[in-house]
Structure formats: structure tokens, C-alpha cells
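1. What would the 3D arrangement of this be:
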Amino acid sequence: RVDRLWFKAEWFITDQFKIIVETTKNRLDRVIEGWIKEQFLMYKTSPLRYNTKYLAERLNEAIKYKVDETDLREYFKKKNMHTETPRRVNIPCGWNVDSDPNFPQLIYHHIVARPYVFHYEDWLNEDEAEEFTNAPVQWKLEEVGSDAAGDGISCLFDRDLWD
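-> Model prediction:
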């Protein structure tokens with residue numbers, strides 16, 4: 001297909017254009033994108049894997065209107081995202097600073113699910129990606145504890161990166 005314009009279409013994509021696109025997104029887009037960005041910047045790990053049930057629960061805790069799994073599936077379908085095959089998924093859910101505040105441990109929730117995979121390159125803008133990649137601590141995760149309580153949560157962390 002031949003374009004009749006004598007200039008390139010990407011020349012129209014200015015900072016102002018990006019601001020307009022960002023502010024005119026629908027509510028669901030803004031909520032999901034904001035939450036995913038926050039997860040990347042909080043836990044400094046990529047890729048993140050979430051299933052729709054977990055995402056719906058977390059989003060419904062954080063926002064005043066309710067999102068159901070069907071809405072999320074439709075949203076991801078529009079973004080051309082697909083689930084992986086069923087597998088064990090480690091979902092970051094917090095920090096454990098009780099044992100040693102100088103060496104916080106990342107806490108994971110373990111489930112078996114068909115997750116969607118999120119890569120920081122697809123969700124963070126340039127400034128956020130720079131913050132993500134130039135974090136003072138680059139996380140490398142290893143299991144250092146067991147799930148002794150049987151609640152599906154154990155701590156993952158590599159202390160060597162702090163030394």
C-alpha cells in the first residue's frame with residue numbers, strides 16, 4: 001500500500017500526541033497499565049507472570065470499581081497477549097524485612113496457573129525503564145527458604161548481590 005503523504009506518519013507522534021493518547025485511555029487500560037508498571041518498579045524483576053484470577057483480586061483491592069476475569073481476558077486479547085501452558089508460577093507479593101532490615105527478602109505467592117507473561121520493555125516508558133534497569137540493587141532470585149508453614153509462600157533472594 002502506498003501512502004499519499006509526502007512526510008512520514010511517525011513525524012506526527014510528538015510528546016503532545018503521546019500525552020493526548022495517555023489521557024484518553026479508558027479506565028480499564030489506565031488501571032491495568034498503572035498496576036503492572038508499579039509491580040515492575042516495586043519488585044525490580046522481569047518477566048512477571050500473573051493469571052487473571054490473581055490480577056482481578058489485586059486490582060479489585062486497589063480500585064473502587066470492580067474488574068472481573070472476563071474483562072481482563074478481553075483486554076489481553078486486544079493487546080495480543082496469550083497465556084502460557086499450565087505451570088507453577090511465583091508471583092511477587094511483598095518484602096520480608098523482619099529477619100534482617102539490611103537484607104530484605106522478596107516474598108512470593110506460589111500457584112499453579114496459566115499465566116500471562118509481562119516483560120518490562122512492553123510496559124514501561126523510557127524513564128521508567130531506565131529506573132528499572134539502573135536500580136541500586138539488581139535482583140537475582142534464588143530460593144533460600146522452604147515453605148515450612150505450608151501456606152504457599154516462601155522467600156526468594158540472593159544475598160551475594162548486596163555484598
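
2. Check which helices and strands the helix or strand encompassing Lys77 is in contact with.
-> Assessed by DSSP states H and E, Lys77 sits inside helix 69-78. Helices and strands touching helix 69-78, by 3 or more Cβ pairs under 8 Å, 6 or more residues apart in numbering; DSSP states H and E, are helix 27-43, helix 52-62. (Glycine included, C-beta is placed from N, CA and C.)

3. what's the angle from that helix to helix 27-43?
-> Between helix 69-78 and helix 27-43, the angle comes out at 80 degrees (axes from the mean of the first three to the mean of the last three Cα atoms, to 10 degrees).

4. May I see the buried residues of helix 69-78?
-> Leu72, Tyr75, Phe76 (16 or more other Cβ atoms under 10 Å).

5. likewise stretch 93-103?
-> For stretch 93-103, by 16+ other Cβ under 10 Å, it's Asn96.

6. Quote the end-to-end distance of that stretch.
-> End-to-end distance for stretch 93-103: 17 Å, by Cα to Cα, to the nearest Å.

7. coming back round to it: tell me which of the helices and strands packed on helix 69-78 sits nearest to Glu131.
-> When the helices and strands packed on helix 69-78 are compared by Cβ to Cβ, helix 27-43 sits nearest Glu131, at 6.4 Å.

8. which is the next helix or strand following that closest one?
-> Using DSSP H and E, the helix or strand that follows helix 27-43 towards the C-terminus is strand 48-50.

9. Can you give me the pLDDT of the spatially most central residue of the chain?
-> Residue closest to the mean C-alpha point of the chain, counted by Cα atoms, centre = their mean, is Ile36 at 3.6 Å. With respect to pLDDT, Ile36 has a value of 92.

10. For it, which non-adjacent residue is closest in space?
-> Using Cβ to Cβ, 6 or more residues apart in numbering and skipping the chain neighbours, the partner closest in space to Ile36 is Trp123 (5.1 Å).

11. for Phe76, same thing?
-> Among residues not flanking Phe76 along the chain, Tyr116 sits closest, at 5.6 Å (Cβ to Cβ, 6+ apart).

12. who's that neighbour bridged to?
-> Beta-bridge partners for Tyr116, by DSSP bridges, are Tyr50, Thr83.

13. pretty sure it is touching Pro47, no?
-> No. Using Cβ atoms under 8 Å, Tyr116 makes no contact with Pro47, being 9.8 Å away.
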